[in-house]
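Trainee: Have a look at this prediction, sequence included:
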Amino acid sequence: MKKIAIIFLVIFYFPGFAWGQDYLHYTIEQVSFTPESYLGLTVFFDGAQFQPSLYKETKFGDVKYGIDVQSKGGFYYFDGFYYMNITFYVAPGFAAQIVNLQISSGYHKANLTCTIEKTTALYYDGTTKPYWLAKVLKIEMFDYAGNAANVMVDETAPQPIDPVGDAIKAERARWDANGDNKIGIEEAIRALQIVSGMR
C-alpha cells in the first residue's frame with residue numbers, strides 16, 4: 001500500500017505535474033540562478049508580469065525580440081540582451097502578435113511558458129560570452145482583477161520536447177481507469193492489479 005501511495009503522489013499531486021499543465025513549475029529566480037540546470041527544458045512561470053514593449057536584437061545571428069519581465073518575487077529581467085543571468089525573448093512571428101494586440105504600456109500580469117536556451121555572442125568588451133535565454137512560447141495574460149484576458153501562443157515554434165512530462169502523462173493514463181483525471185475506486189483497483197502483477 002505504501003508503494004501505491006507514493007506512485008499516486010508522484011503521478012497525480014507532485015508539484016509541476018498538476019493536471020492540465022504539462023511542464024514543470026519553477027520560479028524565475030530558480031532558473032536564473034542556475035540556468036544550465038534547465039537547458040532545453042520547457043518551464044512554466046506563473047504570477048509573472050511583462051511589458052509589451054519589444055527590443056530588437058540581431059547579434060545572435062538571427063532576429064530576436066526581447067521583452068521586459070518582472071518575476072513573481074519582484075525581480076526585473078530586462079529586454080536589452082545584456083550579459084545577464086537570463087533574458088526573455090520572443091520570435092519575430094510572436095512579436096507581431098503582441099504588437100497587433102495593441103496592449104497598453106506598462107507591466108501586465110501573465111503566466112509564461114518558456115524554453116531555456118544557451119547561445120554565445122560578442123560582449124561590448126570584445127569577448128565572447130554565453131547568454132542564457134528564455135524563449136517565450138505562450139503568454140497567458142490576466143486583467144487587474146485576476147481574470148483571464150488574452151492567451152498568445154507562438155504558432156511558429158515547434159512543439160517542445162518534454163520527455164519528463166510525456167512520461168508522466170503516459171503513466172497517468174496507465175493508472176487513470178476512467179480517463180477522467182480523477183482518483184476513484186477504479187483507479188485504486190487498477191493500482192492494486194498493477195502492483196500485484198495482474199496487469
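Mentor: Thanks, I have the structure now. Fair warning: this is a prediction, and the values are worked out from it, not measured in the lab.
Trainee: For P92, list the residues it contacts.
Mentor: The contact partners of P92, by C-beta atoms under 8 Å, 6 or more residues apart in numbering, come to V63, Y65. Where you see a C-beta, it was placed from the backbone N, CA and C, and this is true even at glycine.
Trainee: I'd like the distance between it and F44.
Mentor: The spacing between P92 and F44, counted by C-beta to C-beta, to the nearest Å, is 23 Å.
Trainee: ok, now K109?
Mentor: Using C-beta to C-beta, we find K109 at a distance of 15 Å from F44.
Trainee: And for D68?
Mentor: With distances taken as C-beta to C-beta, D68 is found 19 Å from F44.
Trainee: same thing with P52?
Mentor: Where F44 is concerned, P52 sits at a distance of 20 Å (C-beta to C-beta).
Trainee: cool, G106 as well?
Mentor: The span separating G106 from F44 equals 23 Å under the rule C-beta to C-beta.
Trainee: Looking at these two, which is more packed in?
Mentor: Counted by other C-beta atoms under 10 Å, G106 and F44 do not tie: F44 has more neighbours, with 18 against 9.
Trainee: quick one: that one and T27 touch, right?
Mentor: No - in this structure, F44 sits apart from T27 without contact. The criterion is C-beta atoms under 8 Å, and the distance is 10.6 Å.
Trainee: Assign E29 to helix, strand or coil.
Mentor: With DSSP: H, G, I helix; E, B strand; the rest coil as the basis, the three-state label of E29 is helix.
Trainee: Without its sequence neighbours, what residue ends up closest to it?
Mentor: For E29, the nearest residue in space outside its immediate sequence neighbours is G73; the separation is 5.6 Å by C-beta to C-beta, 6 or more residues apart in numbering.
Trainee: Check D46 too.
Mentor: Leaving out its chain neighbours, the residue that sits closest to D46 by C-beta to C-beta, 6+ apart is N111, at 4.7 Å.
Trainee: same deal with A95?
Mentor: If the residues on either side of it in the chain are set aside, A95 comes closest to Y65, at 4.0 Å by C-beta to C-beta, 6+ apart.
Trainee: Go ahead and list the helix or strand containing the one you found.
Mentor: Secondary structure here is read from DSSP states H and E; on that basis Y65 sits in strand 64-70.
Trainee: what comes into contact with that strand?
Mentor: Strand 64-70 is contacted from outside by 28, 48-58, 76-81, 87-92, 94-95, 98, 107, 112, 133, 136, using C-beta under 8 Å, 6+ apart.
Trainee: Which parts of this protein are strands?
Mentor: Chain-ordered strands for the chain, with DSSP state E as the definition, fall at 24-25, 42-57, 64-70, 76-77, 87-90, 108-122, 128-142, 148-153.
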